[in-house]
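Undergrad: fold the following and give me the result.
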Amino acid sequence: MALVLFIPAAAQEPPKAHFHHIHLNATDPAAAIDFYSHKFDFDKSRILFTKVSDAPPWEIVSAIWHFGWGAEDMPATYKKQVDSGTRFQTPLTDISDLAGKPPGSFFFAYVDGPDHALIELNTAAHHRFGHVHLLSADPIAAGQWYKKYFAIPGYIGPRTGRVYRGVHVDPVASLNMDDINIIIFPIEYARDAMPDLWKGRKDFEPTKGRVVDHLAFSVDNVHETLERLRKDGVKVTDGTFIEGPDHIRIELVEQ
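TA: Below is the predicted model of the structure:
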């Protein structure tokens, strides 16, 4: 009797992806570009703008929470920003204990950007565009989704909750796409920090049309990537856009 050896087909590799840009809606793109280019280092920043006639929604009810730049000397950077007239939604705040560092070594502040885009400045070893912070109904599942479909490495934590200064900061996922850190916090953070805004709200609003409209990843072959994702049940919405976890709009570009 012949011996038949069955070799399972190799699993398809996820598309090779890179962080390409964030896309903002702006009532005055020229003024917004002037703001970002004067307030932040732009050597490695990737932001695109679409002009809109009406102010885009900006409240934190979608899964894109904020994006941000690093600062080697955060207190000095904060003072420079204040002196230049920058408005802040949250002033300089020491969260060294959250980062597991000695007091006075890790700070953050939230800039109130054009059209109320929320921009974080935080202590880092650089002063470039450095992260995008997301929220999710299930940060662990969301992190696994990004890893599965775009081969983004990083940390996916356990499904245990942690409360810091009255807000949930775990479970958490922290992924690294090129030089951009994609951090995913639980939806409970928004419910804790903004109870009036989230009272009675059960899900995230889609990001399309909001001040931060979408994220964009570049892949080697957009058509092949879209077909691979579609066959696996990922929702392709329009053109080269797909819907990510928690109604995040993601554009695929070829580069």
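Undergrad: got a pLDDT number for the nearest residue to Val169 once chain neighbours are set aside?
TA: Spatial nearest neighbour of Val169, chain neighbours left out: Arg162 (5.6 Å); criterion: CB to CB, 6 or more residues apart in numbering. Where C-beta positions appear, they are placed from N, C-alpha and C, glycine not excepted. For Arg162, the pLDDT comes out at 95.
Undergrad: I'd like the distance between Arg162 and Glu188.
TA: Going from Arg162 to Glu188 by CB to CB, to the nearest Å gives 10 Å.
Undergrad: got it, and Asn181?
TA: 21 Å.
Undergrad: and the residue nearest to Val169, what does it touch?
TA: Arg162 sits next to 168-170 when contact means CB atoms under 8 Å, 6 or more residues apart in numbering.
Undergrad: most neighbours of all the residues you listed, which one?
TA: Highest neighbour count within the contacts of Arg162, by other CB atoms under 10 Å: His168, with 19 neighbours.
Undergrad: can you lay out the contacts of Arg162 as CSV showing distance to Thr207 and pLDDT?
TA: Formatted as CSV, the contacts of Arg162 follow (distance: CB to CB, whole Å; pLDDT from 0 to 100):
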residue, distance to Thr207, pLDDT
His168, 21, 98
Val169, 22, 98
Asp170, 23, 97
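Undergrad: what is the neighbour count of the residue lying closest to Phe107 once chain neighbours are set aside?
TA: Leaving out its chain neighbours, the residue that sits closest to Phe107 by CB to CB, 6+ apart is Met74, at 4.0 Å. By other CB under 10 Å, 21 other residues sit near Met74.
Undergrad: Trp58 in helix, strand or coil?
TA: Judged by DSSP: H, G, I helix; E, B strand; the rest coil, the three-state class of Trp58 is coil.
Undergrad: residue contacts, it?
TA: Neighbours of Trp58 in contact, by CB under 8 Å, 6+ apart: 115-118, 210-211.
Undergrad: repeat for Ile95
TA: Taking CB under 8 Å, 6+ apart as the definition, contacts of Ile95 comprise 106-108.
Undergrad: contacts for the lengthiest strand in the chain, please.
TA: Ranked by residue count, the top strand of the chain under DSSP state E comes out as strand 17-26. Strand 17-26 has contacts (CB under 8 Å, 6+ apart) with 32, 46-52, 56, 67, 114-115, 117, 132, 150-152, 177-180, 182, 209-219, 225, 251, 253, 255.
Undergrad: hang on, the earlier thing: strands - which of the contacts of Ile95 land there?
TA: 107-108.
Undergrad: just put the contacts of Ile95 in CSV and tack on distance to Gln89.
TA: As requested, these are exported to CSV (distance: CB to CB, whole Å):
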residue, distance to Gln89
Phe106, 19
Phe107, 15
Phe108, 11
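Undergrad: possible to save the contacts of Ile95 as CSV with pLDDT?
TA: Shown next, in CSV, are the contacts of Ile95 (pLDDT from 0 to 100):
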residue, pLDDT
Phe106, 98
Phe107, 98
Phe108, 98
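Undergrad: can I get the contacts of Ile95 in JSON lines including neighbour count?
TA: As requested, the contacts of Ile95 are exported to JSON lines (neighbours: other CB atoms under 10 Å):
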{"residue": "Phe106", "neighbour count": "19"}
{"residue": "Phe107", "neighbour count": "21"}
{"residue": "Phe108", "neighbour count": "20"}
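Undergrad: which one of the contacts of Ile95 sits closest to Ser136?
TA: Phe108 (20.1 Å; CB to CB).
Undergrad: can you pull the contacts of that closest one?
TA: The contact partners of Phe108, by CB under 8 Å, 6+ apart, come to 74, 90, 92-93, 95, 120-123.
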